[in-house]
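Peer 1: Return atomic coordinates for the entry below.
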Amino acid sequence: MSVHSTAVVHAKARVASSVEIGPYCVVGEGVELGEGCVLRHHVNLEGPSRFGQKNVFHPFCSIGGRTQDLKYRGEPTFLEVGDENDFREFVTVNRGTSPEEKTILGSRNHFLAYAHIAHNCVVGNDCIFSNNGTLAGHVTVGDFAVIGGLSAVHQFCRVGRHSMIGGCTKVVQDVLPYMIADGNPAVTRAVNLTGLQRKGFSEEVIRGLKDALKVLLNPKYNLSQAREYLIEKGAQTDEVKELIVFLKSSERGVVLR
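Peer 2: Numbers count the residues shown, from 1 in each chain. Below you'll find the predicted structure:
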């Protein structure tokens, strides 16, 4: 373990032998750092928090801080982080609000400068948060989602897999998987074509999603009617079926038109 002489590591922190801790970092009580993690300098980690392997923390990020929820009364709460995440400058991630709940981040996510993940959020794998991308509390983000710069997601919303939120977007309802949401307030603009092509989705899958979106945006249907039409149409791809399930399970409604 390489620890700079100016760093402060709490005696009750658990730090793997291959971790690198740079100048003026603070690793608090209850923090667990897995093999290969790197703290550049001026990093603040608070616990109880558990980090997997090969996470990289850039200057002035503050990860595992206490929730900003006004209901919090000082109970021990938790943050759980996977492997190979990249936390750029001034990123903030808060622990959960109550002991039975966690903030959970998956693996291989990129959190660009000033991104914020609030209490009780669940973020999947391989997501990108552009600069100042912000999640309020209790937000769920699916795998491979992209959160645009200076955008904000309202509490209890869901962001579907392989979706993209445009820059400076205000999200107050669920964002459909595989779609692009943009605007203030957000609307669904199109299928996330470039993102899906880069991930190797077939033309058949993309065409099916485009056809489904046309139904959802058709002004002669309300959302329930459009969903039922898609169900009755049958023979959908797995991705369209996922879209239907997402629609049926939405509690806040979805970003559409």
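Peer 1: any idea which helix or strand of this protein has the worst average confidence?
Peer 2: Sorting the helices and strands of the chain by mean pLDDT, DSSP states H and E puts helix 223-233 at the bottom, at a mean of 91.
Peer 1: Show me where the stretch 151-257 of the chain has its strands.
Peer 2: 152-153, 158-159, 164-165, 170-171, 179-183, 186-191 (DSSP state E, counting those that start in this stretch).
Peer 1: what bridges to Thr188?
Peer 2: Ala181 (DSSP bridges).
Peer 1: Tell me which residues touch it, please.
Peer 2: When contacts are counted by Cβ atoms under 8 Å, 6 or more residues apart in numbering, Thr188 touches Val175, Leu176, Met179, Ile180, Ala181, Leu213, Leu216, Leu217, Val254, Val255, Leu256, Arg257. In short, each C-beta sits where N, CA and C put it, glycine included.
Peer 1: Please report how far the second one lies from Leu223.
Peer 2: Spatial separation of Leu176 from Leu223 under the definition Cβ to Cβ, to the nearest Å is 11 Å.
Peer 1: Settle it for me: which of these two has more neighbours?
Peer 2: Between Leu176 and Leu223, counting by other Cβ atoms under 10 Å, Leu176 is the more crowded of the two (28 against 14).
Peer 1: I'd guessed the more buried one sits against Ser249; true?
Peer 2: No - taking contacts as Cβ atoms under 8 Å, Leu176 lies outside contact range of Ser249: 11.8 Å.
Peer 1: Find residues that contact each of Leu176 and Leu223.
Peer 2: Residues within reach of Leu176 and of Leu223 at once, by Cβ under 8 Å, 6+ apart, are Leu216, Leu247, Val254, Leu256.
Peer 1: Closest to Val43 out of those?
Peer 2: Comparing those against Val43 with Cβ to Cβ places Val254 closest, at 37.5 Å.
Peer 1: And the closest one, how far from Val187?
Peer 2: 10 Å.
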